[in-house]
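Visitor: give me the fold of what follows.
(2 chains, ligands or ions: 4)
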Amino acid sequence: MNQEIIEVTEETTQQGVSRRSFIKGAIAASAAVSSTNYLFRANGGTVLAQAPAAGAVERLITVTVNGRSRRIEVPPMETLATTLRYKLGLTGTKIGCDRAECGACTVLVDGTPHYGCSLLTHSVRGREVTTIEGLEAEDGTLHPMQQAVMEEQGFQCAFCMSGFIMNSVALLNENQNPTRKQAAEWLSGNLCRCADYDKILTSVQRAAEITRGA
Amino acid sequence: MKGVIRDVIPQLELFQPNSADDALAVLAEHGSDAWVYAGGLDTLDWFKDRVKRPRVVVDLGRVESMREIRSTAGGIEIGAMARLIDVVNHPDVQARFPALAFAAKSAASPQIRNQGTIGGNVGQDTRCWYYRDGWTCYRAGGNICYASPPTAMNREHCILGASRCVAVNPSDTAPVFVALDAQMVVRRGRSERVIPAEEFFVGPEIDIERMTALEPGDLLMSIRVPSAWSGSRVYFEKVSDRTTWDFALVNVATALQESGGVIQDARVVVNGVAPTPVRLTAVEDAIRGQARNEQTAIRAGDISIQGVSPLTHNGFKVNLMKNLVRRSIRDEPMNEV
Ligand SMILES: Cc1cc2nc3c(=O)[nH]c(=O)nc-3n(C[C@H](O)[C@H](O)[C@H](O)COP(=O)(O)OP(=O)(O)OC[C@H]3O[C@@H](n4cnc5c(N)ncnc54)[C@H](O)[C@@H]3O)c2cc1C
Ligand code: SF4
Ligand code: FES
Ligand code: FES
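Guide: Ligands and ions are numbered 1, 2, ... in the order given. From the prediction side, this is the model:
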């Protein structure tokens, strides 16, 4: 399980050693440790020592997140949202319901929106995962959808925001000029508890304008 | 940190084979200890809640050959691993069986349709919350039904066809497959069998712990939709509380062959009202040979509800079913995707 800790440290150094990223790293490391304990308990302490049966998956896998290839140790039944948040420290992805019923965890896999809470990390091996952290350009320029949300004040508490933004990004990649109705239908798998739907749709319209250079 | 703890699914062995043969071999080896995993959207709830605890999970996500949708001499063959969105968008499905595309589009939410498979949609378990919360009812191997007593919460449950268990089949595509007389191709080891959709869904009188004819070791390979009803008038409609996420309170799939305004042949199927999709043969018999008009439609609706026995909180489904059957014969199919 050292691997995860090393990974997180790498991330921490990259971001510059701020207090916030240090804390994130510490949380991720302790989550990793506690899940190891859990696994050991569950299988009488022999999990990591077992020889893999033919066709069984390896625990040490590579996933590509926001263009970076990450080597991490993942138990077979870990969901992508858990891996992102508690192993890679990418806490922009939220977990609301944890059962495919709210959309807060929406991330893109090869450009397609999925509920990260209801997808196994092992299922995204060899595929491209994009999270809210991967949207801004290297020079810090916001993605048009992020910019639009700032301009239109799209959200109140913003717990649902990452999911909505990721899903909207997928929409704009496919259709740079969606009607409000098309956007509402596309985003119907995301809930907003503050009921900011109107402002969210206005943000999507604004993002489309920015994208088209209008 | 509560969410984290709950999300740690108990340890089990995961297989991600690249071929159906390899998947079948693992399934054969582990029998009833193994669980077939397609899109995982029904499955993960069971695992997270620790209600179902198989030892081995066989994920079909890497079996490319099972995702294909292709036109054949006899119709269309849909691989069990085709995602709902693939079915919605496929040009041949849209052209030849628009009601199937529409039904697939009516299921769940966009993100779920991007991942949930057609095999999982017909293979999914019931949504009865007592059972899904882990109560040891009949369906879970116990000897009581928590949903049928007068005080129970049973708004979403059966109005007909119950036998001890009053849970319903929740699928939106299942009634369309029954209406189109689809054939389910099932493999087990090296042997293959083809089951008509109508017999694929099984009620509690046959097996109270399963929703389909699939047994441990079986793999649903594909669904064949024959040309017979292609070009016919096929009507699908679903009524649910919200248009996204919510399961059908009642849905209907009606296939009609007409000539000169007269109904030559019909298959009328409803779901969300019984443990399996139900073919309303009495309705079919009554409308065959009749003109397709308001009168015939009203009669069909009236006949459809003969013999229903609603529970405390689901009496509304009776009228709903009557009206949906009526509309399915009278109105033009919507079939929007
Ligand atoms: C919040 C929510 C809302 C939903 N709303 C709707 C709705 O309104 N209408 C609707 O129709 N559906 C609805 N669904 C169901 C959804 O559309 C999926 O079809 C369903 O979750 C199963 O698809 P899956 O591929 O994810 O299956 P999985 O969870 O992987 O599998 C489901 C079951 O089928 C079995 N299975 C799957 N494939 C095979 C195969 N090839 N061979 C043998 N067995 C197999 C599995 O063993 C499992 O028991 C909803 C689901 C959720 C989570
Ligand atoms: S309806 Fe069926 S699944 Fe629900 S409690 Fe009764 S026996 Fe169990
Ligand atoms: S947290 Fe994934 S859909 Fe709600
Ligand atoms: S802004 Fe609060 S949940 Fe959407």
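Visitor: switch to C-alpha atoms for all contacts and neighbour counts from now on
Guide: OK.
Visitor: ok, the closest residue to residue B:42 other than its chain neighbours to ligand 2 distance?
Guide: Counting by CA to CA, 6 or more residues apart in numbering or on different chains, residue B:124 is the residue found nearest to residue B:42 once chain neighbours are left out, at 6.3 Å. Per CA to the nearest ligand atom, to the nearest Å, residue B:124 is found 13 Å from ligand 2.
Visitor: report how many residues lie close to residue B:124.
Guide: 19 (other CA atoms under 10 Å in any protein chain shown).
Visitor: and it, what does it touch?
Guide: B:42, B:170, B:171, B:211 (CA atoms under 8 Å, 6 or more residues apart in numbering or on different chains).
Visitor: pLDDT score assigned to the third one?
Guide: It stands for residue B:171. We have a pLDDT of 98 for residue B:171.
Visitor: neighbours of it, how many?
Guide: Residues contacting residue B:171 under the criterion other CA under 10 Å number 27.
Visitor: looking at it, it is touching residue B:121, isn't it?
Guide: Yes - with contact defined as CA atoms under 8 Å, residue B:171 counts as touching residue B:121 (6.1 Å).
Visitor: residue of chain A with the smallest distance to chain B?
Guide: Nearest residue of chain A to chain B: residue A:56, at 4.6 Å (CA to the nearest CA).
Visitor: which ones are touching that residue?
Guide: Contacts for residue A:56 were tallied using CA under 8 Å, 6+ apart; they are B:13, B:14, B:15, B:16.
Visitor: from the chain's centre, how far out does stretch A:75-94 sit?
Guide: Chain-centre distance of stretch A:75-94: 7 Å, with CA atoms, centre = their mean, to the nearest Å.
Visitor: would that stretch count as contacting ligand 4?
Guide: No - judged by CA under 6 Å from any ligand atom, stretch A:75-94 makes no contact with ligand 4; its nearest approach is 10.9 Å.
Visitor: first to last residue in that stretch, what's the distance?
Guide: Stretch A:75-94 has an end-to-end distance of 20 Å (criterion: CA to CA, to the nearest Å).
Visitor: that stretch close to chain B?
Guide: Yes - using CA under 8 Å from any CA of the partner chain, stretch A:75-94 reaches chain B at A:75, A:76, A:77, A:78, A:79, A:82.
Visitor: which among those residues end up buried?
Guide: Among the residues of stretch A:75-94 next to chain B, those buried by neighbour count (16 or more other CA atoms under 10 Å in any protein chain shown) are A:75, A:76, A:77, A:78, A:79, A:82.
Visitor: can you pick out the most distant pair from those?
Guide: A:76 and A:82 (12.3 Å; CA to CA).
Visitor: now the common contact residues for these two.
Guide: Common contact partners of residue A:76 and residue A:82 (CA under 8 Å, 6+ apart): none.
Visitor: on that earlier part again, what does the pLDDT read for the residue of chain A closest to chain B?
Guide: pLDDT for residue A:56: 79.
Visitor: show me what the helix ranked longest in chain B is packed against.
Guide: Among the segments of chain B that qualify as a helix by DSSP state H, the longest is helix B:316-330. Where contact means 3 or more CA pairs under 8 Å, 6 or more residues apart in numbering or on different chains; DSSP states H and E, helix B:316-330 is packed against strand B:233-239, strand B:250-259, helix B:294-304.
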